[in-house]
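Trainee: predicted model and sequence follow; I will ask about them next.
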Number of protein chains: 2
Amino acid sequence: MALADAKAGIRNEAGIAAVLGILKQAFGERFQTGESFRAQHAHTTTYIPTQLPDGVLFAETSEDVQAVVKACAEHKVPIVAFGTGSSLEGQVNAPQGGISIDFSRMNRVLEVNAEDLDCTVEPGVTREQLNTYLRDTGLFFPIDPGANASIGGMTATRASGTNAVRYGTMKDNVLAVTVVAANGEEIRTARRARKSSAGYDLTRLFVGSEGTLGVLTSVTLRLQGIPQKIAGGACAFPTIHAACDAVIMTIQMGIPVARIELLDAVQLRACNAYSGLTYDEQPTLFLEFHGTEETVALQSEQFAEIAAECGGGEFLWTSNLEERNKLWKARHDAYWAARALAPELAALSTDVCVPISRLAECVAETQADIEEHGLLAPIVGHAGDGNFHVLVLFDDKTPEGIAVVEAFVARLNARALAMDGTCTGEHGVGQGKMSFLEQELGGAVDLMRQVKHALDPDAIFNPGKIFHGH
Amino acid sequence: MALADAKAGIRNEAGIAAVLGILKQAFGERFQTGESFRAQHAHTTTYIPTQLPDGVLFAETSEDVQAVVKACAEHKVPIVAFGTGSSLEGQVNAPQGGISIDFSRMNRVLEVNAEDLDCTVEPGVTREQLNTYLRDTGLFFPIDPGANASIGGMTATRASGTNAVRYGTMKDNVLAVTVVAANGEEIRTARRARKSSAGYDLTRLFVGSEGTLGVLTSVTLRLQGIPQKIAGGACAFPTIHAACDAVIMTIQMGIPVARIELLDAVQLRACNAYSGLTYDEQPTLFLEFHGTEETVALQSEQFAEIAAECGGGEFLWTSNLEERNKLWKARHDAYWAARALAPELAALSTDVCVPISRLAECVAETQADIEEHGLLAPIVGHAGDGNFHVLVLFDDKTPEGIAVVEAFVARLNARALAMDGTCTGEHGVGQGKMSFLEQELGGAVDLMRQVKHALDPDAIFNPGKIFHGH
């Protein structure tokens, strides 16, 4: 098959048949080609149609991964890495078929270096599994995208979430990766030092590359000490603008807030209904502070003053575990609460990110857009980063329903880009944001293509993602 | 000239002559070919021999840079970007000749967005110039590598310095760059959002690429609020191990120390002599805390307890500006103080970085090495990052003197690599660390070469740096 065909999204039937034969022989039961396995590994959480791989390899070691890459490289067959399948832009789809590598059995914590605040894990370790493992060490891994995603998947999509405002995103918390390159060899991108100026930053080139440059086989992560004390609470504001003003002042004053989440009135209504809560149905900030007894009290009081200055309601904060859990359970359940507003509809979770000075404007214009088009779409934001999600409830059974949500997403992205923002703060590009990436970065996408072509000349790594025409 | 010749380090005489003609005509007085200009732009702060470019272009706009890149690309002539010339591994040398682009006239602050805590500057802006400019905004740019380096140079070498332990390195503080690529077009790597998952992290690919992938024309930086209160002080310890134990406990407890610098006894002796101070000539930590009156007091007291627990002396901290300035002036003058120990000798400043659990061992073994070989070489470390510098005083007038320092550097790097460290925490690879980079990352360097070849197929951007054979 010509390479051009593979690039055009045409299946390489002969190559796929050859690889299926090789992998069946080499891996027996660990290689599955039944439709239920294949469908499960291409399931997307969006309206993007499912595109099945031709087989699923349950990898147990780096050597397994190397064997798959070598077979697929020889026969120019696509490889899609699969963690838990919680990605949101079609990243695990296999538009040209090929082999899905399932990492659920590569879930060992390989090494914890408590004094250095780092650990090395296999890609299939989930963040909850890791934090359970770490509990006795007094350390934790802070990045929390909501879903119990795998560390490999979080690395591949440059995930972040509620406490990125304090602890950064995956780019800030991955020290090194090992990756199987297109030649089937495993390379390591960096040593364990906390910083380095030793050549190109390959670590961060792989973080966020969505499996398009190689297959991760381990990830070395920075860890944090579990805070001595955690405090938090909710604070309602009369308008989105008032809430965002409080966010900006908090960040500008250098208060090291651990989470500062914005929920709009529609989301509050959904949370109240779903979780039996009684919050005012107004724009609301959910906050959390990490530190010592003294510092979390100081920070909470500082925020209360800021909130009052911005016209917010009383900030009732607490370090009581039960009350905090209730608050954050409501936040974590926001997705399900929103879906319960219209259980008969499908849901699309989409995200953009803008400079925080533009956040209020971007959210308010988006709310006006939602109202104008008669949509039901709660908004939840990682306000400290200028990142927000819209959960659009829509009818995925009709072309008209899908057209409505597609048009909304296009307007949302155009709005964010016009404010010097990005088409995705944390979900990645996948299949869903390719055209917006082009609008956002233009010529820089050509450089990405050059990098892709250099590291993956036959386009075997997760083809059809991030950009067209590789 | 064959491309292979350029890669082998052979000068492309015909191409250089053609470009000299083009640039003379286009830029007149702004293009200089006199030896003093050329020598000034290849001066290295090391014993690496100076290798002159053939001409120096004083760029004033991005269009100037694009014109130079287009001319050099057409004729396959090297381009070396020059900020202030304070790099430490021969980064500004021109081993194959070519054109040095001097950025001292591209020193405009283009934009400050106070609410978003970011700014965009031309590459020639120096960090001191930027902080002077920002003073009235209540913001500052924290990265402080010691020298008053240019932002472009700091970006290119992934610089960090004394307060990276709190604020990170250039990789954490550059939001986006514009860069002129090999086709002469300017691209922008990212928007101004604080985080993004939009495709490959080209920003961090350029940060630390030492001018080998393109020429920077602007840098968008994260800024910080100037702390309400700053406190600091010095604390002596009986051994390097005791001092490093205190560092590890400080980091593990999550105390957000802004600077935590380790000076060994030899460096203390040098500082006392040079700056007229009376510190105990013992391993000593210099610390600084940023926050409010309450938090810096809390953190200082917490550190005092840790120091006592580790066998350290009394930690006398102060927020008095004059006393703090005296302390940090001594730290900033450490280089000159060390040189004053033997003014007749040359000095090589070299750096490695190890996991902090290995820092004490690495420093102690290095001290033993220094003693065994009869060297004079004070040590200063950014202890919170596991990064330390050795300033080796040596005779650069004889091959024997140079051989001694080269052998020492080789042992130092082997030691750091054996401890899972890196051959450079912040100085970069340049010409001085190429062999150590290969030892450190092996096959990953091949991936770097592939990226280099993809983005710079004719090897015009700062050839002969980071790795051989591109």
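Mentor: Received, thanks. Residues are numbered from 1 along each chain as shown, chains lettered A, B, ... in the order given.
Trainee: residues contacting residue A:190?
Mentor: Taking C-beta atoms under 8 Å, 6 or more residues apart in numbering or on different chains, we find residue A:190 in contact with A:175-176, A:196, A:198, A:202-203, A:220, B:422, B:441, B:444. C-betas here are computed from N, CA, C, even on glycine.
Trainee: tell me how many other residues crowd the residue nearest to it when sequence neighbours are not counted.
Mentor: Spatial nearest neighbour of residue A:190, chain neighbours left out: residue A:176 (3.8 Å); criterion: C-beta to C-beta, 6 or more residues apart in numbering or on different chains. For residue A:176, the neighbour count with other C-beta atoms under 10 Å in any protein chain shown is 24.
Trainee: also residue A:278?
Mentor: With other C-beta under 10 Å as criterion, residue A:278 counts 6.
Trainee: now the residue nearest to residue A:190: which helix or strand?
Mentor: Secondary structure from DSSP states H and E places residue A:176 in strand A:174-180.
Trainee: got the contact list for that strand?
Mentor: A:62, A:65-66, A:69, A:118, A:155, A:186-194, A:203-204, A:206-207, A:213-222.
Trainee: now stretch A:10-27
Mentor: With contacts defined as C-beta under 8 Å, 6+ apart, stretch A:10-27 is touched by A:1, A:5-6, A:31, A:33, A:54-55, A:57-58, A:64, A:67-68, A:71-72, A:75-77, A:96-99.
Trainee: same question for stretch A:122-132.
Mentor: Contacts for stretch A:122-132 (C-beta under 8 Å, 6+ apart): A:81, A:83-84, A:103-110, A:119, A:121, A:140-141, A:143-145, A:148-155, A:216-219, A:221.
Trainee: so which of these belong to strands?
Mentor: Mapping these onto strands (DSSP state E) picks out A:81, A:109-110, A:119, A:121, A:140, A:216-219, A:221.
Trainee: re the thing from before, look at the residue nearest to residue A:190 and report its pLDDT.
Mentor: Per-residue pLDDT puts residue A:176 at 98.
Trainee: elements contacting the strand or helix carrying residue A:56?
Mentor: Element membership for residue A:56 (DSSP H and E) is strand A:55-58. Judged by 3 or more C-beta pairs under 8 Å, 6 or more residues apart in numbering or on different chains; DSSP states H and E, the packing partners of strand A:55-58 are helix A:13-27, strand A:31-32, helix A:35-40, strand A:99-102.
Trainee: at 10 Å instead, please
Mentor: In terms of contacts (3 or more C-beta pairs under 10 Å, 6 or more residues apart in numbering or on different chains; DSSP states H and E), strand A:55-58 is packed against helix A:13-27, strand A:31-32, helix A:35-40, helix A:62-75, strand A:79-82, strand A:99-102.
Trainee: partners of the second one in the sheet?
Mentor: Put plainly, it is strand A:31-32. Applying DSSP bridges, strand A:31-32 is found paired with strand A:55-58 (antiparallel).
Trainee: likewise for the last one?
Mentor: Paired with strand A:99-102 in the same sheet, following DSSP bridges, are strand A:55-58 (parallel), strand A:79-82 (parallel).
Trainee: and the pLDDT for the spatially most central residue of chain A?
Mentor: In chain A, the C-alpha nearest the mean C-alpha coordinate belongs to residue A:159, at 3.6 Å (C-alpha atoms, centre = their mean). At residue A:159, the pLDDT value in this model is 97.
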